[in-house]
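[1] dropping the sequence and predicted coords here.
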Amino acid sequence: MCKAEWRRARVEAQRLTDLARLRRVRDRIDREYAQPLNVEALARDVNMSAGHLSRQFRAAYGESPYAYLMTRRIERATALLRRGDLSVTEVCFAVGCASLGTFTTRFTELVGMPPGAFRRRAADGSADRADAASTTGDAGPAVTVEGMPACVAKQVTRPVRNREAPAAEQPLA
Amino acid sequence: MDITIHTSSLPHDDPDASLAFYRDVLGFEVRSDVGQGRMRWITVGPAGQPDTSLLLAPPAADPGVTEDERRTITEMMAKGTYGWILLATPDLDATFERVQAGDTEVVQEPTEQPYGIRDCAFRDPAGNLVRIQELR
């Protein structure tokens, strides 16, 4: 192997090692989202600075580790709110959010309505039907997943950035 | 028509590590093991189910795969967005404990999902997502 090839192989091997490290961070978020995780702790775990981790993670997965963590929490929150036996505050803490304000803001951004409204609609038994019927502002959980393999169901019901509830349109004048 | 699902495949990047996971941690039997080095094709499957196999194969081994495509595949494997499989077991908790004890990367502890199933998830050594669902 000539020197240039060897060098290229080494760079690629390093890149794969770095990506695998980011994968471990993402898996840890999936596994421990309900813990009081923060980006500093995640970064420390893989010997990176928080800024470096955030940039690398975003380059690899299209969103920052913090955004991914919050999406994961909101995803679980929608499941817990549907059960109907937990209050919004209880759900907020159950999914690892320390701040009800941040939780509510992010929930509303992703799902298209505040958690309290979501919970009430779920309690009315109308959340599914109403979500399925609406064409705007429907987040992941509205998707029908019956008969779908669990891996796929998990993916399609996860609120994702590009299916975020659209912001209300600004009037032109 | 009478068609069975005979073999499905997942990529590996370290055949010995993948073999150890599927054979020693998941308890699959090894049905064939051909090739050498990184170019190994290993067929495994659960004992008692000879009709369905899982082939652990080197990624991008098709000569029609370009260098760029091969790099993309190996990068997706490394970041964990490429291969996945859904397995099922009647006793999810016992299976989870056993797999976790095998020093496997846990992605999700056993969880009741809103779409009516209970499952857990792991990474195999090649970065494939292995989701295990409870049969009930």
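    Now that the structure is in, tell me what you want to look at.
[2] going toward the C-terminus from the helix or strand where residue B:121 lies, what's the next helix or strand?
    In this assignment (DSSP states H and E), residue B:121 forms part of strand B:118-123. Per DSSP H and E, the first helix or strand lying C-terminal to strand B:118-123 is strand B:129-134.
[3] sort out which residues of stretch A:80-90 are buried, please.
    Neighbour-count burial for stretch A:80-90 flags A:80, A:81, A:82, A:86, A:88 (criterion: 16 or more other CB atoms under 10 Å in any protein chain shown). Heads up, the C-betas are built off the backbone N, CA and C, glycines and all.
[4] now do that stretch: distance to the chain's middle.
    Counting by CA atoms, centre = their mean, to the nearest Å, stretch A:80-90 is centred 19 Å from the centre of its parent chain.
[5] and that stretch, end to end?
    End-to-end distance of stretch A:80-90: 10 Å, with CA to CA, to the nearest Å as the criterion.
[6] identify the residues contacting that stretch?
    Applying CB atoms under 8 Å, 6 or more residues apart in numbering or on different chains, the external contacts of stretch A:80-90 come out as A:91, A:94-95, A:100, A:104, A:115-116, A:118-119, A:122-123, A:127, A:141, B:114.
[7] out of these, grab the one that's most surrounded.
    When neighbours are counted by other CB atoms under 10 Å in any protein chain shown, residue A:141 leads those with 26 neighbours.
[8] circling back to that earlier point, strand partners of the strand holding residue B:121, parallel vs antiparallel please.
    According to DSSP bridges, strand B:118-123 forms sheet pairs with strand B:105-112 (antiparallel), strand B:129-134 (antiparallel).
[9] re the thing from before, tell me the one of the contacts of stretch A:80-90 nearest residue B:103?
    residue A:95 (27.9 Å; CB to CB).
[10] circling back: now the strands paired with strand B:118-123 in a markdown table, with mean neighbour count?
    Formatted as a markdown table, these follow (neighbours: other CB atoms under 10 Å in any protein chain shown):
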| stretch | mean neighbour count |
| --- | --- |
| strand B:105-112 | 16 |
| strand B:129-134 | 21 |
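[11] output these as a markdown table; include the columns distance to residue A:62.
    Formatted as a markdown table, the strands paired with strand B:118-123 follow (distance: least, CB to CB, whole Å):
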| stretch | distance to residue A:62 |
| --- | --- |
| strand B:105-112 | 19 |
| strand B:129-134 | 18 |
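[12] same list (those strands) but as JSON lines, adding mean pLDDT.
    Shown next, in JSON lines, are the strands paired with strand B:118-123 (pLDDT from 0 to 100):
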{"stretch": "strand B:105-112", "mean pLDDT": "95"}
{"stretch": "strand B:129-134", "mean pLDDT": "98"}
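[13] return the strand holding residue B:121 as CSV; C-alpha atoms alone will do.
    Output in CSV follows, covering the C-alpha atoms of strand B:118-123 (Å, rounded to 0.1, in the frame of the first residue of the first chain):
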residue,chain,number,x,y,z
ARG,B,118,-43.6,-4.4,24.9
ASP,B,119,-40.0,-4.5,23.6
CYS,B,120,-36.3,-3.8,24.3
ALA,B,121,-33.4,-3.0,22.0
PHE,B,122,-29.7,-3.7,21.7
ARG,B,123,-26.8,-2.9,19.3
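[14] buried residues in it, which are they?
    Buried residues in strand B:118-123, counting neighbours by 16+ other CB under 10 Å, are found at B:118, B:119, B:120, B:121, B:122, B:123.
[15] how far off centre is that strand?
    Its chain's average C-alpha position is 12 Å from that of strand B:118-123, according to CA atoms, centre = their mean.
[16] I figured residue B:79 hits residue B:129, correct?
    No. Assessed by CB atoms under 8 Å, residue B:79 is found out of contact with residue B:129, at 11.5 Å.
[17] quick check: domain ranges of chain A?
    Per automatic domain parsing, the domain ranges recorded for chain A read A:3-62, A:67-163.
[18] these: lowest mean pLDDT?
    Ranked by mean pLDDT, these end with domain A:67-163 at the bottom, a mean of 78.
[19] tell me where chain B has helices.
    Assigned helices in chain B, in chain order: B:15-19, B:67-79, B:92-101 (criterion: DSSP state H).
[20] using CSV, write down the CA coordinates of stretch B:75-95.
    Only the C-alpha atoms of stretch B:75-95 are listed here, as CSV (Å, rounded to 0.1, in the frame of the first residue of the first chain):
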residue,chain,number,x,y,z
GLU,B,75,-20.4,5.0,7.9
MET,B,76,-24.1,4.3,8.3
MET,B,77,-23.3,1.1,10.1
ALA,B,78,-20.9,2.9,12.4
LYS,B,79,-23.4,5.6,13.3
GLY,B,80,-26.1,2.9,13.7
THR,B,81,-28.6,3.9,11.0
TYR,B,82,-28.1,1.0,8.5
GLY,B,83,-29.2,-2.6,9.5
TRP,B,84,-31.9,-3.7,11.9
ILE,B,85,-33.8,-6.8,12.8
LEU,B,86,-36.9,-7.5,14.9
LEU,B,87,-36.8,-10.7,17.0
ALA,B,88,-39.4,-12.0,19.4
THR,B,89,-39.5,-14.0,22.6
PRO,B,90,-42.1,-15.1,25.1
ASP,B,91,-40.0,-14.0,28.1
LEU,B,92,-38.7,-10.6,27.4
ASP,B,93,-37.3,-9.8,30.9
ALA,B,94,-35.3,-13.0,31.1
THR,B,95,-34.0,-12.5,27.5
